[in-house]
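*Asks:* Predicted model and sequence follow; I will ask about them next.
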Amino acid sequence: MGQLEGRVAVVTGGVQGIGEAYCRRFAEEGASIVIGDIQDDKGPPAVAALEAKGAEAAYTHCDVTRKDEIDALMDFAVDRFGRLDICVTNAAIVHEAKFFDLKVEDWDRVMRVNVKGAFLTAQSAAKRMIACGNGGTIINISSTNAMMVNEQQVAYPISKGAVVQMTKMMAITLADHGIRANAIAPGPTRTAMLDEVMANSPDFRANIGLRTPLRRPAEPEEMAAVALFLASDESRYMTGQTLWVDGGRAGLNYQMPEEGVSP
Ligand SMILES: NC(=O)c1ccc[n+]([C@@H]2O[C@H](COP(=O)([O-])OP(=O)(O)OC[C@H]3O[C@@H](n4cnc5c(N)ncnc54)[C@H](O)[C@@H]3O)[C@@H](O)[C@H]2O)c1
């Protein structure tokens, strides 16, 4: 029997990248999955892939900058599968701009998706979890950029820092309802988002090797393993925490020796 048998999970931004890996891992452990995303063409194939593994899954359009669409996503999950136990506020965007170059509209866009979107998603999920009466677990997605900044990206690290604080806020508010809230802060992980960053900065991959004791970016499945821990009862005494899943990156001052850098 899987660790999440009978549970229902909503994952925003779940049609690709790390979000897709969360869906796959939760489904393997017996959860029913509802994906909310804005890439509607990728919804049906993502659902079909989960169903092919024997899971129950559904997709609905949800732009996390829209409260009405978030509420509709949560209602859809409860109507379709009868309960809501797990919510991963995974949808996010990156914007490249330095301090003096950042345009107001780009600041607003990043904050709308990464901060307001994650907050409203968790808030809406928590209301349904309370109504369902089974408790629940919220998993917010931060980043190592919440702790260490990057001159090329002004708004993204600030948005991901906010996710760490909102996780603590949710934890204290939701504890009496049997709902836990924790965050995962991934280090560089091999997805479309990372590929985009690497395309803009050719030295990036070598830098990951030099700046990461484990010498490589993470695979999405390595984040999904941590998400499973936070989603399951194995983490039942944890709330308000951010887990830095970064190959040792945050602990490293200066850099690793050149030898051993993966190609
Ligand atoms: N990949 C990394 O190296 C890395 C590192 C640290 C943190 N993260 C975080 O992990 C999460 C997933 O990252 P990823 O690399 O898989 O990214 P990705 O770009 O591959 O996937 C992001 C998903 O979010 C969706 N999305 C974007 N805006 C949305 C909106 N307004 N409403 C609904 N969905 C929306 C996209 O359509 C996409 O499916 C993000 O929160 C990201 O900040 C990623």
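*Replies:* Perfect, I can see it now. Numbers count the residues shown, from 1 in each chain.
*Asks:* Helix or strand next in line after the lowest-mean-pLDDT helix or strand in the chain, which one?
*Replies:* Averaged element by element with mean pLDDT, DSSP states H and E, the chain has its least confident helix or strand at helix 192-200 (a mean of 76). From helix 192-200 onward toward the C-terminus, using DSSP states H and E, the following helix or strand is helix 204-210.
*Asks:* Extract the C-alpha trace of the next helix or strand after that following helix and format it as CSV.
*Replies:* Later in the chain than helix 204-210, the nearest helix or strand by DSSP H and E is helix 220-231. As requested, the backbone C-alpha atoms of helix 220-231 are provided in CSV (Å, rounded to 0.1, in the frame of the first residue of the first chain):
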residue,chain,number,x,y,z
PRO,A,220,13.3,16.6,-10.3
GLU,A,221,12.8,13.1,-8.8
GLU,A,222,15.1,14.2,-5.9
MET,A,223,12.8,17.0,-5.1
ALA,A,224,9.8,14.7,-5.4
ALA,A,225,11.3,12.4,-2.8
VAL,A,226,11.4,15.3,-0.3
ALA,A,227,7.9,16.4,-1.3
LEU,A,228,6.6,12.8,-0.6
PHE,A,229,8.2,13.0,2.9
LEU,A,230,6.4,16.3,3.6
ALA,A,231,3.1,15.1,2.1
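*Asks:* Can you spell out which helices and strands pack onto helix 220-231?
*Replies:* Contact here means 3 or more CB pairs under 8 Å, 6 or more residues apart in numbering; DSSP states H and E; on that basis helix 220-231 packs against helix 17-28, strand 86-89, strand 136-141, strand 179-186, strand 242-245. For the C-beta atoms, the positions are set from N, CA and C on the backbone; glycine is no exception.
*Asks:* what's the least confident helix or strand of the chain in contact with?
*Replies:* With CB atoms under 8 Å, 6 or more residues apart in numbering as the contact definition, helix 192-200 has outside contacts at Gln16, Gly17, Val94, Glu96, Gln152, Pro188, Phe204, Arg205, Pro217.
*Asks:* can I get these in a markdown table with distance to the ligand and neighbour count?
*Replies:* Converted to a markdown table, those look like this (distance: CB to the nearest ligand atom, whole Å; neighbours: other CB atoms under 10 Å):
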| residue | distance to the ligand | neighbour count |
| --- | --- | --- |
| Gln16 | 5 | 16 |
| Gly17 | 2 | 20 |
| Val94 | 7 | 20 |
| Glu96 | 14 | 17 |
| Gln152 | 14 | 16 |
| Pro188 | 4 | 24 |
| Phe204 | 11 | 15 |
| Arg205 | 12 | 17 |
| Pro217 | 7 | 21 |
